[in-house]
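S.K.: Provided below for reference: sequence and predicted model.
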Amino acid sequence: MSLKQHDAAPDFEVRDDQGNPFRLSNLKGKAVVLYFYPKADTPGCTKEACSFRDTLAEFTELGAVVIGVSPDEPSAQAKFKAKYELTFPLLADADHAVAEAYGVWKEKHNYGKTYMGVERTTFIIAKDGAIARIFPKVKVDGHSEEVLAALRG
């Protein structure tokens, strides 16, 4: 299933970086920046997370909540969050059910090997729970600024 702009964002419940249950529908009424990344504490994912961290005040001013999701376990998310002083929730999608629901669990190719993994993608979810914007195949450099610009309209 491929999600499109204006579709309802699939609800989900997973564990956050502290092991607590996190349900997307609990954020209804707030704009949500839901970004999927392949693996905690790897170079591109670290750069992306730190960029969202460094611009978080601007997202907050616009009334948006930033949330990162990867297939890592809660303990790996907690370690990543602490190491880089990330100030937003990281969600543990260990069985990749959320990535599949959002259509970002894809076949990938690297050094002649084929495997399944997260395709770096960001979704802006509007206050009503509909997908306002999708950023597929994200390039990390300048991405948080690109998402901010989209939120500003």
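M.R.: Looks like it arrived, so ask away.

S.K.: Could you check how many residues crowd around residue 111?
M.R.: 4 (other C-beta atoms under 10 Å). (Glycine included, C-beta is placed from N, CA and C.)

S.K.: Out of the helices and strands in the protein, which is least certain?
M.R.: Using mean pLDDT, DSSP states H and E, strand 105-110 stands out as the lowest-scoring helix or strand of the chain, at a mean of 90.

S.K.: Mind listing residues that contact the longest helix seen in the chain?
M.R.: For the chain, the helix with the greatest residue count under DSSP state H is helix 43-54. Helix 43-54 has contacts (C-beta atoms under 8 Å, 6 or more residues apart in numbering) with 33, 35, 37-39, 59, 66, 68, 70, 80, 84-88, 90, 120, 138, 140-141, 143-144.

S.K.: ok, now with 10 Å
M.R.: For helix 43-54, the external contacting residues (C-beta atoms under 10 Å, 6 or more residues apart in numbering) are 33, 35, 37-42, 59, 66-68, 70, 72, 80-81, 83-88, 90, 118, 120, 122, 138-145, 147-148.

S.K.: next SSE after that helix?
M.R.: helix 56-61 (DSSP states H and E).

S.K.: which element is residue 100 on?
M.R.: Taking DSSP H and E as the criterion, residue 100 maps to helix 97-101.

S.K.: where along the chain do the strands fall?
M.R.: For the chain, the strands defined by DSSP state E cover 13-16, 21-23, 31-36, 64-70, 90-92, 105-110, 113-118, 121-125, 131-135.

S.K.: The closest residue to residue 34 other than its chain neighbours: neighbour count?
M.R.: Nearest non-adjacent residue to residue 34, counting by C-beta to C-beta, 6 or more residues apart in numbering: residue 123, 4.6 Å away. Look at residue 123: counted by other C-beta under 10 Å, it has 26 neighbours.

S.K.: which strand residues sit across from the residue nearest to the spatial centre of the chain in the sheet?
M.R.: Taking C-alpha atoms, centre = their mean, the centroid of the chain lies closest to residue 35, which sits 1.8 Å from it. Beta bridges link residue 35 to residue 68, residue 122, judged by DSSP bridges.
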